[in-house]
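Student: here is a sequence with its predicted model. Questions after.
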Amino acid sequence: MSTKSDVNFSPEDLAAIPQKALLELYTTMLRIRLFEEKIVELYPEQEMKCPVHLCIGQEAIAAGVCRNLKKDDYMVSNHRGHGHGIAKGISMKVLFAEFYGRTTGCSKGKGGSMHIIDTSQGILGTSAIVGGGIPMAVGTGLSSRIKKDKRVSVVFFGDGAFDEGVFYESFNFASLKKLPVVFVCENNFYATNSRQSSRQSSCEIANSARAFGAPGMCVDGNNVVEVYKAADQAVKLARSGGGPSLIEATTYRWKGHVGPDVDYEKGARTEEELIYWMKRCPVKNFEKALREGGIVTGETLDAIPQAIFTELDEALSFAIKSPYPKPEALYEDLYNI
Amino acid sequence: MSTKSDVNFSPEDLAAIPQKALLELYTTMLRIRLFEEKIVELYPEQEMKCPVHLCIGQEAIAAGVCRNLKKDDYMVSNHRGHGHGIAKGISMKVLFAEFYGRTTGCSKGKGGSMHIIDTSQGILGTSAIVGGGIPMAVGTGLSSRIKKDKRVSVVFFGDGAFDEGVFYESFNFASLKKLPVVFVCENNFYATNSRQSSRQSSCEIANSARAFGAPGMCVDGNNVVEVYKAADQAVKLARSGGGPSLIEATTYRWKGHVGPDVDYEKGARTEEELIYWMKRCPVKNFEKALREGGIVTGETLDAIPQAIFTELDEALSFAIKSPYPKPEALYEDLYNI
Amino acid sequence: MPWTKIAAERQNITTTDSVNPDVRRGSYRDAILEATRSCMETDENVFVLGEGVDDVGGVFGTTQGLIDIFGPERVIDSPLAENGITGVAMGAALAGMRPLLVHMRVDFLPLSLDQIANHAAKWSYMFGGNASVPLTIRAITGRGWGSAAQHSQSLQAIFAHFPGLKVVMPATPYDAKGLLISSLYDNNPVLYLEHRWLYDMTGPLPAEMYRVPIGKANLIREGKDVTIIAISQMVGMAMEAAEDLGADGIECEVIDLRTIKPLDIELIRSSVQKTGRLVVADTAWKEFGVSAEILALALEDRDTFNALKGPAIRVALPDVPTPASHVLEEVFYHGPEDIISAVKKAVEEA
Amino acid sequence: MPWTKIAAERQNITTTDSVNPDVRRGSYRDAILEATRSCMETDENVFVLGEGVDDVGGVFGTTQGLIDIFGPERVIDSPLAENGITGVAMGAALAGMRPLLVHMRVDFLPLSLDQIANHAAKWSYMFGGNASVPLTIRAITGRGWGSAAQHSQSLQAIFAHFPGLKVVMPATPYDAKGLLISSLYDNNPVLYLEHRWLYDMTGPLPAEMYRVPIGKANLIREGKDVTIIAISQMVGMAMEAAEDLGADGIECEVIDLRTIKPLDIELIRSSVQKTGRLVVADTAWKEFGVSAEILALALEDRDTFNALKGPAIRVALPDVPTPASHVLEEVFYHGPEDIISAVKKAVEEA
Ligand SMILES: Cc1ncc(C[n+]2csc(CCOP(=O)(O)OP(=O)(O)O)c2C)c(N)n1
Ligand SMILES: Cc1ncc(C[n+]2csc(CCOP(=O)(O)OP(=O)(O)O)c2C)c(N)n1
Ligand SMILES: [Mg+2]
Ligand SMILES: [Mg+2]
């Protein structure tokens, strides 16, 4: 893992980006973090009866990428998709309602935590089949190209998905047709408990884009500003007809592959590794930079968590008060009329 | 198509390779050529009742690669597999018998022209699903690695197969595990009537090997000496535990994708293109070099065709005299006991 | 030349819609091309994607000329990357397009089953109806000519098992056109499986755009003694068999299934209730095939069961891959005579 | 914690092989691990390949510790590249190895259907018996826990349709071990489909290496009134149902199918001939499923047909993908009570 040991924000970058944007990047990360931590807290109640894949530690990628997207830009994501959804604009209400299996959930309770959608925000769904969402974003890109609608399509996937042939097929097609697609690979160095190096002969995901004649960038995925800048470039390129790019953002997942627990206890990974990455916390380090750089006042920053807690409470009570699907609902939604 | 317009053989190369080897390279190419031409001649009789994918124009690749292989090295190939089979040692008898649908065919008449096998020569079969054979050669390579049997595995596939995700998955695994596999991509610039450039964003097949941390070489596939040398290197690397290589050999198929006719008449490709490549004939140019370089006597060269014609006649009469499968044979061979 | 041989098994097949003998006629191939062209003209969301769709041959002529009319933006040649390209088509469908994905052979679809069955089929349901996938996948099934195991399959049963897919198999030019139009305007993924040996078949083919409803089988011949349910290429054979049998005094009712999923359960059962005997003729393997589902539908319904006079019979392929040698192909594949013997057996046994 | 919840539905299931109460007992999970380990010790051609097989968790414990005994040359973690890796395993099999390819979920196998169905299944036949593919593919089927549409499928019908494959689905620890050993020593590709909710089930588990023959179903309870044919997790439920029904005076004959392909047609038919009534309980979708084939086998055989007293019933999943919400899961999945009502209906209707 060749990432810098510190998360550093250059003063020039912080000065160049509007304060509003910086604040939003921070807020989005914190919303994701607190959302996921709420799940950690409530999951043992066993009322969310579905597997959850948490993205604690990886928030900067979703936040940094999606800040560059418009509402009607398309997004497709994967099993670890809560953060992507939140950053792209889905409400916490329909997420929690979904996880609690209610009709008011984003998928009417039929999808659970792995299946998030909000077409009004350009979120077209998430696939729990590793790599499965990648070609879809190429397809929405193809649609934008045919319709000349100037939308950009973004797909989030993991280093594990990079193993799959479908990545190769999709990236080739996007590059061949110069489609407006941004491929974001969240490289957290593991697929379940398998290290990247035990799966990939050459652990250079970003560079592989060159084999397709497209740009690839490797950024520190725990640095929201680096991610934001890379995505800005990629989105602009896509929107202006320059074709696809690949952003590899290195990061680390703090929790186990699935569920709310850490996994070093089970021997899947080492505690040292986790400690190292927790020091590189994307949220805390950015907060520190904003605070210490005097970019956002302490007061403003201090008020944010409370607003989020309120949002979470409202979302949760919405979810829990919502009805369960009726038995007949089992037979609905199979076909679209 | 960035290949040199002439097929040139360097005197040093011709001097460095034993005369016996050069003669065998030539003979193998000619055997393949005459075998395929015999099909062109007989096919209109409609007694070979199966599709045939001819490799006229591409003979140097099979010949140049297989000359480096031992009998028990493994080979897997594709729909255009006659030449590979002949170069690796299958007899013309069982090939013709197969094409004529007889029990004495290499697949007892069950496979037809697309399904060639001779395990006694290390030929493990050919897949008519584009790319389908590629991972199998990686699997035989894995077996050799586990058994430490020093065999090398070779797989032949087209530029079309390079489009398929299975190539990517297979090459990655071979490179990851450093398996003794030689990937030979016969780039004839077309998959059926689709140009490489309408399918691949970056038409640099050999270079893509670098993305996997493995060597890739692009050679003139109409120059049997270039192919032979590249394969020599790749086979030695594989046999000595150095892992896989990718050889891209550029070439051209003279006939239509399937069947004995040329295809420029139908408008699939241009006549100029065919003429250009016919001038670059792998067989004639090499014969000329052997003759003019005084490497093989004219007498020796002149005798070769006759021997091959005899071989062809014997093979054909073997095939045609062989019995058809009995109806009960339909139900045999489904499972291996 | 035989490597592209396509035989029309029958020139005339009655459809309920072709009562007027003055109607325009055309081939199965024309029907597919016309439907595609009309839909592309009518709806700019329709586009065609697939290996060789812009080719001079035009996928046995079924996409010929489209590239000249609609250009490469809407008639898109594809890399050989079946799974990825299926996902691309599905993504375009999610964005509101109506892609027509074309495969030269259904044998290549196992490569893309993940996108078809885990994605396209499930997207609507898995997201509570909040997304739709108006994707049509055309694929050529059935006999080749010595094409052997990997180029001759009929995989309708595979697709039909997955909830969320629709599967149609036209047997006539009329249905080929009407079902393709219905498929392209359906808001769900539809597998449109055509039979290679039907391309040259001609029959009534109205010039206008019309739809043949998905989910409705077609009773193409009435009879009181035996119900023959036939699929795709077997429909013509079933009609031939029925004619022959009629001469022997056995009156067959023939149903062209047309849609494999959702099945027209009502018509199937009501016909068997009437005749009391059931023969199913499928282009695919018998074991775990569509014909099994049809037998099960008969056996699990009380009224149908009570009407049954004897065992049902499946005329479908034996449990082996397709052999190449023509002498084995002859044993492997079925013809009208096999349907005739099946019907006779059904009548004798009950 | 529930996201890894695996419930043993029943602790005891009679097998014909477990008449002696003193026999050693063990879990379904142990059975798989033991079979694998024994075969690897006995035959150096056996090796294990799959995502996470060398992991601390060891695929729900079924491969745990193998890496320590046999090392990374024979216990090989795999990239997420299902189609390619299946081809790799197949290639190794062609070279004489006996690979055991392990998948966490059968839902990922659509990605590799091309290598399974177009290659492994066809290689022997397509080459006239001149090659063999001794490849075993393990995959976990069935219920998860709110796992939704893409992580809960039961795809036995898909594989069973392709000639050349064998498909086994053990329902007990005894069979789990004996069938895995048979699979690993079979010279053909075998899909070994295990059910996640059976891992903790315990039962007789002899220490020695023994084989349970592929292709033989197991008559685990005799009865004269109704035949229940059950698959995988449904076997335990069928036994529960049979016990309850026995109290009501209905004597069920229960058959644990064990092998889906090739089916034990003889046992199925002879039991139905005896009881005259048929209920099939499958873990998969009803439509175009394995249960359809079993009904078809009953309906197309004259003696069986003549013995049938009334319509047959399929207890199998409705035609929708798996929903996530537990309230819908409860409607979607079946329990012993559904088998009981089916049997009662079968008895009433005939
Ligand atoms: C095709 C497929 N293979 C295997 C799995 C099982 N699986 C679920 S998530 C996962 C790991 C994915 O790793 P990565 O893409 O890096 O994402 P991460 O979980 O690290 O965010 C695996 C192997 C799956 N869901 N789909
Ligand atoms: C998976 C798959 N897709 C499509 C086809 C149809 N097909 C047969 S050969 C061929 C072209 C293959 O091109 P290439 O790999 O370059 O080999 P070449 O024919 O040029 O030797 C195609 C598209 C197939 N057999 N398999
Ligand atoms: Mg990862
Ligand atoms: Mg080619």
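Tutor: Structure's in. What do you need? Ligands and ions are numbered 1, 2, ... in the order given.
Student: wait, residue A:92 touches residue A:36, no?
Tutor: No: between residue A:92 and residue A:36 there is no contact under CB atoms under 8 Å: 11.1 Å. Every residue, glycine included, has its C-beta placed from N, CA and C.
Student: so which strand or helix has residue C:235?
Tutor: helix C:233-247 (DSSP states H and E).
Student: no wait, residue A:75
Tutor: Using DSSP H and E, residue A:75 falls in strand A:74-78.
Student: tell me the mean pLDDT for that strand?
Tutor: For strand A:74-78, mean pLDDT is 98.
Student: that strand close to chain D?
Tutor: No: applying CB under 8 Å from any CB of the partner chain, one finds strand A:74-78 separated from chain D by no less than 11.0 Å.
Student: need the contact partners of whichever helix or strand comes after that strand.
Tutor: Helices and strands here follow DSSP H and E; after strand A:74-78, the next one along the chain is helix A:82-88. By CB atoms under 8 Å, 6 or more residues apart in numbering or on different chains, the surrounding residues in contact with helix A:82-88 are A:28, A:31-32, A:35-36, A:39, A:52, A:54-55, A:58-59, A:61-63, A:65-67, A:69, A:75, A:77, A:92, A:95, A:106, A:113, A:116, A:118, A:121-123, A:126, A:156.
Student: inside helices: which ones of these?
Tutor: If you go by DSSP state H, those have A:28, A:31-32, A:35-36, A:39, A:59, A:61-63, A:65-66, A:92, A:95 in helices.
Student: what distance do you get for the most centrally placed residue in chain C to residue C:157?
Tutor: By CA atoms, centre = their mean, chain C has its centre lying nearest to residue C:169, at 1.3 Å. Separation of residue C:169 from residue C:157 (CB to CB, to the nearest Å) stands at 11 Å.
Student: how about the helices in chain A?
Tutor: Under the criterion DSSP H, helices of chain A are mapped to A:11-16, A:19-42, A:59-66, A:82-88, A:92-99, A:134-147, A:159-162, A:165-176, A:205-208, A:224-239, A:271-279, A:282-292, A:298-321.
Student: circling back to that earlier point, of the contacts of helix A:82-88, which are in range of ligand 4?
Tutor: Taking CB under 5 Å from the ion, there is no overlap between the contacts of helix A:82-88 and the neighbourhood of ligand 4.
Student: the strands in chain C, which residues?
Tutor: With DSSP state E, the ranges of strands along chain C come out as C:25-27, C:46-50, C:75-77, C:98-103, C:136-141, C:166-168, C:190-195, C:202-204, C:218-221, C:226-230, C:252-256, C:259-261, C:278-285, C:313-317.
Student: tabulate the ones you listed in TSV, adding columns for distance to chain D, mean neighbour count and mean pLDDT.
Tutor: Listed next are the strands of chain C as TSV, based on distance: least, CB to the nearest CB, whole Å; neighbours: other CB atoms under 10 Å in any protein chain shown; pLDDT from 0 to 100:
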stretch	distance to chain D	mean neighbour count	mean pLDDT
strand C:25-27	30	19	97
strand C:46-50	17	24	98
strand C:75-77	21	23	98
strand C:98-103	13	27	98
strand C:136-141	14	26	97
strand C:166-168	10	26	98
strand C:190-195	13	27	98
strand C:202-204	29	22	96
strand C:218-221	21	20	98
strand C:226-230	13	30	98
strand C:252-256	17	26	98
strand C:259-261	8	26	98
strand C:278-285	6	28	98
strand C:313-317	6	24	98
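Student: how many residues are close by the residue of the stretch 151-300 of chain A found nearest ligand 2?
Tutor: Proximity of the stretch 151-300 of chain A to ligand 2 (CB to the nearest ligand atom) peaks at residue A:169, 11.5 Å away. By other CB atoms under 10 Å in any protein chain shown, 32 other residues sit near residue A:169.
Student: wait, it touches residue B:165, no?
Tutor: Yes: contact criterion CB under 8 Å: residue A:169 and residue B:165 qualify, at 4.7 Å.
Student: now for the chain, the helix or strand with the poorest mean pLDDT.
Tutor: Just so you know, I chose chain A. Least confident element among the helices and strands of chain A, by mean pLDDT, DSSP states H and E: helix A:205-208 (a mean of 92).
Student: try again with chain C
Tutor: helix C:58-61 (a mean of 93).
Student: what does it rub up against?
Tutor: With CB under 8 Å, 6+ apart, helix C:58-61 has contacts from C:4, C:6, C:29, C:33, C:50, C:52-53, C:64-66, C:102, C:104, C:140, C:196, C:199.
Student: that helix vs ligand 2: in contact?
Tutor: No: judged by CB under 6 Å from any ligand atom, helix C:58-61 and ligand 2 are separated, with a smallest distance of 11.1 Å.
Student: CA atoms of that helix as PDB?
Tutor: Output of helix C:58-61 as PDB, limited to C-alpha atoms (Å, rounded to 0.1, in the frame of the first residue of the first chain):
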ATOM      1  CA  GLY C  58     -26.600  -7.700 -41.900                       C
ATOM      2  CA  VAL C  59     -27.000 -10.700 -39.600                       C
ATOM      3  CA  PHE C  60     -28.600 -13.000 -42.300                       C
ATOM      4  CA  GLY C  61     -30.200  -9.900 -43.800                       C
END
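Student: so where is the chain shaky, pLDDT-wise?
Tutor: Here I'm looking at chain A. A:1-5 (pLDDT under 70).
Student: please go with chain C instead
Tutor: For chain C (pLDDT under 70), the answer is C:1-21.
Student: what's the neighbour count on the residue of it found nearest ligand 2?
Tutor: Nearest residue of chain C to ligand 2: residue C:108, at 4.3 Å (CB to the nearest ligand atom). Neighbours of residue C:108 under the rule other CB under 10 Å: 22.
Student: do the same with the one 10 residues further on
Tutor: Taking other CB under 10 Å as the neighbour definition, residue C:118 ends up with a count of 26.
Student: quick check: it touching residue A:129?
Tutor: Yes: between residue C:118 and residue A:129 there is a contact at 5.1 Å, judged by CB under 8 Å.
Student: shared neighbours, these two?
Tutor: With CB under 8 Å, 6+ apart as the test, residue C:118 and residue A:129 both reach D:107, D:150.
Student: and the residue of chain A found nearest ligand 4, what does it touch?
Tutor: Ranked by CB to the ion, the top residue of chain A for proximity to ligand 4 is residue A:172, at 16.0 Å. Residues in contact with residue A:172 (CB under 8 Å, 6+ apart) are A:212, B:163, B:200-201, C:79, C:81, C:84.
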